[in-house]
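Novice: Sequence and predicted structure, then a few things I'm wondering about:
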2 protein chains.
Amino acid sequence: MYEVEVKVSADHDVVRDSLESVGATHVESVEQEDIYYDAPDRDFAQTDEALRIREERSATNRCDDEAGTTDTRLTYKGPLIDSDSKTRQEAETAVVDPEQLRDILNGLGYDPAATVRKERERYTVDGITVTLDTVEGLGEFVEGELETEDDIDSARDRVLTILTDLGLDTDDQIRTSYLGLLLADE
Amino acid sequence: MYEVEVKVSADHDVVRDSLESVGATHVESVEQEDIYYDAPDRDFAQTDEALRIREERSATNRCDDEAGTTDTRLTYKGPLIDSDSKTRQEAETAVVDPEQLRDILNGLGYDPAATVRKERERYTVDGITVTLDTVEGLGEFVEGELETEDDIDSARDRVLTILTDLGLDTDDQIRTSYLGLLLADE
């Protein structure tokens, strides 16, 4: 399974109008706070790895969740296994007690290195997920995303078409993560 | 809060009869599998720390749990802060996906070092928890346990009294953890 993702910088007010006209459905709105950690034994920036605690608070009702519930996940991202397909090992689990998890990482010698806070509005249209991200310290972005078993080119075309239909200029794609953009800003 | 704990080696069949006669109540029976990890950056045996994944499967109904459910917890134990009271920092959280958690630790460079498997039958009598442990590779043990705000001596006396009432010889206390006993056996 591959995930094709295209991200551009864009004014949300303009995009919201277009979303309605292309028949997109609002899925959910969430707030995410990501804490990225430094390791005690190696430099994750050099090894191209990441360790993250994500706390996500739902701002709207989801199917089986009340509004305002918080979900905590611990994620490890390994280095690129294949640079062409941008495949990397990723392991993630939900965790019940975020405070204890921070204490565990602290005890093991991991230090909080950077925090990324954002609001995400998720929409779906023609099977593609369109996300309106407002990132603290960085501004407004729109992401188009589609999973595919094998046909990356076709999936990419579909994502680009939707973003163009929404009036976005896909020539100005942003390939850096929000964490990368924030660290570059410092 | 202090936890007073006394552990002895004992034949469970004999203890079970005594438990009935002192009016103990069976609380739960569980199976635990503990995986202890080696760190990539230091020797936990030297630093007196531990990182553990515990998977616990309930063998009997508990209040809000169906029989046979599995509970996974990640625990970090720091070095002794105060050797008199045996106080150490401990941080623990329940985790939803044990397989992903193992992958996260593996990615970070932690290696499984030892596994402790045991069956625990928990009873309560006069506020004291009495646990019958059957530890794979080590045999049968009985633990008496009581939490106290401050009066450690009195709590200790109460635990020793119950164990004596159960016909156990508290002169032969075992102060080593099951992990320590298993590693000493190797």
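Specialist: Sure, I can see it.

Novice: Return the residues of chain A in contact with chain B.
Specialist: For chain A, the residues in contact with chain B (C-beta under 8 Å from any C-beta of the partner chain) are A:39-41, A:49, A:51, A:74-76, A:78, A:89, A:91-98, A:100-101, A:103-104, A:106-109. Just so you know, the C-beta spots here come from the backbone N, C-alpha and C atoms, and that holds for glycine as well.

Novice: does the closest residue to A:D185 other than its chain neighbours sit in a helix, a strand or a coil?
Specialist: Leaving aside its sequence neighbours, A:D185 sits nearest to A:G137 (C-beta to C-beta, 6 or more residues apart in numbering or on different chains; 7.0 Å). For A:G137, the secondary-structure state derived from DSSP: H, G, I helix; E, B strand; the rest coil is coil.

Novice: which phi and psi does A:G137 have?
Specialist: Phi and psi for A:G137, reported as degrees, to the nearest 10, are phi 90, psi -10.

Novice: could you measure it against B:L105, distance?
Specialist: 32 Å (C-beta to C-beta, to the nearest Å).

Novice: A:L182 too?
Specialist: Between A:L182 and B:L105 the computed distance is 27 Å (C-beta to C-beta).

Novice: repeat for A:E121
Specialist: As it turns out, when the distance is counted by C-beta to C-beta, A:E121 lies 34 Å from B:L105.

Novice: In which helix or strand does the residue of chain A positioned farthest from its centre reside?
Specialist: Distance from the C-alpha centroid of chain A, by C-alpha atoms, centre = their mean, peaks at A:G107 (27.7 Å). Using DSSP states H and E, A:G107 falls within helix A:98-108.

Novice: the inter-axis angle of the following helix or strand past that helix versus helix A:98-108?
Specialist: Of the helices and strands lying after helix A:98-108 in sequence (DSSP H and E), the nearest is strand A:111-125. Put simply, strand A:111-125 runs at 140 degrees to helix A:98-108, going by axes from the mean of the first three to the mean of the last three C-alpha atoms, to 10 degrees.

Novice: quick check, distance from strand A:111-125 to the centre of its chain.
Specialist: Relative to the mean C-alpha coordinate of its chain, strand A:111-125 is positioned 6 Å out (C-alpha atoms, centre = their mean, to the nearest Å).

Novice: For it, which helices and strands make contact with it?
Specialist: helix A:12-21, strand A:25-38, strand A:128-135, helix A:178-185 (3 or more C-beta pairs under 8 Å, 6 or more residues apart in numbering or on different chains; DSSP states H and E).

Novice: Packing partners of the helix holding A:G107?
Specialist: Packing contacts for helix A:98-108, counted by 3+ C-beta pairs under 8 Å, 6+ apart, involve strand A:50-58, strand A:70-82, strand B:70-82, strand B:87-95.

Novice: and those as CSV, adding mean pLDDT?
Specialist: Conversion of the helices and strands packed on helix A:98-108 to CSV gives the following (pLDDT from 0 to 100):
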stretch, mean pLDDT
strand A:50-58, 96
strand A:70-82, 89
strand B:70-82, 89
strand B:87-95, 90
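
Novice: then the lengthiest helix in chain A to CSV, C-alphas only?
Specialist: In chain A, ranked by residue count with DSSP state H as the criterion, the top helix is helix A:152-165. What follows is helix A:152-165, C-alpha atoms only, in CSV (Å, rounded to 0.1, in the frame of the first residue of the first chain):
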residue,chain,number,x,y,z
ILE,A,152,1.2,5.5,-8.0
ASP,A,153,1.1,7.6,-11.2
SER,A,154,-2.6,7.2,-11.7
ALA,A,155,-3.3,8.0,-8.0
ARG,A,156,-1.0,11.0,-8.3
ASP,A,157,-2.9,12.3,-11.3
ARG,A,158,-6.3,12.0,-9.5
VAL,A,159,-5.0,13.9,-6.5
LEU,A,160,-3.5,16.7,-8.7
THR,A,161,-6.8,16.9,-10.7
ILE,A,162,-8.9,17.5,-7.5
LEU,A,163,-6.5,20.1,-6.2
THR,A,164,-6.6,21.9,-9.5
ASP,A,165,-10.4,21.7,-9.5
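
Novice: ok so, going back, how about JSON lines for the helices and strands packed on helix A:98-108, with mean neighbour count added?
Specialist: Rendered in JSON lines, the data for those read as follows (neighbours: other C-beta atoms under 10 Å in any protein chain shown):
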{"stretch": "strand A:50-58", "mean neighbour count": "18"}
{"stretch": "strand A:70-82", "mean neighbour count": "17"}
{"stretch": "strand B:70-82", "mean neighbour count": "16"}
{"stretch": "strand B:87-95", "mean neighbour count": "17"}
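
Novice: Relative to A:S177, which of those strands is closest?
Specialist: strand A:50-58 (8.9 Å; C-beta to C-beta).

Novice: Could you list every helix and strand in contact with that closest one?
Specialist: Packed against strand A:50-58 by the contact rule (3+ C-beta pairs under 8 Å, 6+ apart) you find strand A:25-38, strand A:70-82, helix A:98-108.

Novice: so that strand versus strand A:25-38, what angle?
Specialist: For strand A:50-58 and strand A:25-38, the angle between their directions (the same axes, to 10 degrees) works out to 140 degrees.

Novice: partners of strand A:50-58 in the sheet?
Specialist: The partner list of strand A:50-58 in its sheet, established with DSSP bridges, is strand A:25-38 (antiparallel), strand A:70-82 (antiparallel).

Novice: now what about it, what contacts it?
Specialist: For strand A:50-58, contacts defined as C-beta atoms under 8 Å, 6 or more residues apart in numbering or on different chains pick out A:28-37, A:39, A:44, A:65, A:67-77, A:95, A:98, A:101-102, A:105, A:110, A:179, B:104, B:108.

Novice: if we can go back for a sec, could you dump the helices and strands packed on helix A:98-108 to JSON lines with distance to B:D11?
Specialist: Formatted as JSON lines, the entries for these read as follows, by distance: least, C-beta to C-beta, whole Å:
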{"stretch": "strand A:50-58", "distance to B:D11": "47"}
{"stretch": "strand A:70-82", "distance to B:D11": "43"}
{"stretch": "strand B:70-82", "distance to B:D11": "29"}
{"stretch": "strand B:87-95", "distance to B:D11": "31"}
